[in-house]
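**Q** Quick check, what structure comes out for this input:
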Amino acid sequence: TSIGDNAFQYAIGLNNVTIPNTVTSIGDDALNGAENLTIINIPNSVTTIGDRAFYGATSLTSITIPASVTSIGTGAFSGAASLTLVDVDVDNTEYASLDGVLFDKQQLLLIKYPEDKSDTSYTIPNTVTSIGDDAFSGVKILTSIDIHDGVSIIGDRAFYGATSLTSITIPASVTSIGVGVFANTPNLTTVTIPNSVTSIGDDAFSYAISLTSITIPDSVITIGDRAFQNTSSLISINIPSSVTSIEDFAFQDTSLNSITIPASVTTIGTNVFLDAALLTE
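**A** Numbering: from 1, shown residues only. As a prediction, the model looks like this:
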């Protein structure tokens with residue numbers, strides 16, 4: 001049997017769930033928005049936890065993944081704002097936990113850092129080559145994250161809503177900044193982008209309201225839709241001659257006082273500088 005998609009979605013009065021050991025899967029959004037859920041017991045019969053299964057379960061402080069689980073969906077624990085610990089049974093063949101952080105078994109992929117974990121800094125283990133989608137989304141206490149040169153992939157929304165993050169250096173092993181990676185990071189002031197990066201994705205830095213300046217390396221070809229939208233403190237940016245495409249609303253609602261579009265740019269999208277305080281262009 002299974003707990004189906006959306007089964008207890010927005011069940012705000014639910015605070016304690018014991019899943020019977022006949023259940024083999026927890027569906028997409030099954031407990032999405034169950035904001036008063038504090039205890040969940042997952043039996044060793046469950047093999048699948050769906051996308052966003054516990055999204056927005058804001059009172060859940062810890063969760064234990066049994067040995068039976070072989071699949072955890074995207075964003076399964078995102079928005080679980082009180083989560084301090086993800087624990088994985090040592091006999092699980094697909095997943096592992098290290099200091100309360102969820103990884104795949106080989107610790108090549110960092111899947112989820114608990115959003116209310118108390119550390120102010122974190123060093124990503126040297127085994128990790130990929131930071132998963134939503135991996136650090138919603139973290140409230142971390143101010144700095146050390147990413148080593150072996151990391152080659154940073155997933156979409158990886159640092160979305162990391163409210164205390166102030167600075168970050170992207171290693172030279174990374175070639176693209178994906179969708180919404182640093183969106184809604186209100187205290188982010190400094191980002192170092194290496195010249196290995198060729199694209200800055202949609203919404204990459206949108207609403208990073210404390211970002212005052214950023215250097216785009218001359219390896220970047222594409223600046224995506226809304227990439228710097230509502231970076232309201234952004235006053236300075238240099239677009240290198242490698243860039244060929246600036247997409248829709250890329251610099252909407254910035255405080256840029258000047259910008260130069262290089263001759264290499266062949267595509268400029270709709271309302272790229274809408275409501276930006278440009279003096280010259």
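**Q** show me where pLDDT drops low in this protein?
**A** Scanning the chain for pLDDT under 70 picks out the ranges 1-16, 277-281.
**Q** Give me the residue at the spatial middle of it.
**A** Nearest to the mean C-alpha position of the chain, by C-alpha atoms, centre = their mean, lies A158 at 2.0 Å.
**Q** from memory that residue sits against G138, does it?
**A** No: A158 is beyond contact range of G138, at 11.2 Å (criterion: C-beta atoms under 8 Å). Quick note: C-beta positions are derived from backbone N, CA and C, even for glycine.
**Q** ok, L83 - contacts?
**A** L83 is in contact with L60, T61, S62, I63, F77, P114, E115, D116, K117, counting by C-beta atoms under 8 Å, 6 or more residues apart in numbering.
**Q** and if we set it to 6 Å?
**A** Neighbouring residues of L83 by C-beta atoms under 6 Å, 6 or more residues apart in numbering: L60, P114, E115, D116.
**Q** the strands in the stretch 101-250 of the chain, which residues?
**A** Here the stretch 101-250 of the chain has its strands, by DSSP state E, counting those that start in this stretch, at 101-104, 109-112, 121-123, 130-131, 144-146, 153-154, 167-169, 176-177, 190-192, 199-200, 213-215, 222-223, 236-238, 245-246.
**Q** what separates N44 from E94, distance-wise?
**A** Plainly put, N44 is 14 Å away from E94 if you go by C-beta to C-beta, to the nearest Å.
**Q** Just list the residues touching T58, thanks.
**A** T58 is in contact with E35, A81, S82, counting by C-beta under 6 Å, 6+ apart.
**Q** how does it look with 8 Å?
**A** Contacts here follow C-beta under 8 Å, 6+ apart; on that basis T58 touches E35, G79, A80, A81, S82.
**Q** Grab the nearest non-local neighbour of the second one.
**A** Nearest residue to G79 in three dimensions, chain neighbours excluded: G56, at 4.1 Å (C-beta to C-beta, 6 or more residues apart in numbering).
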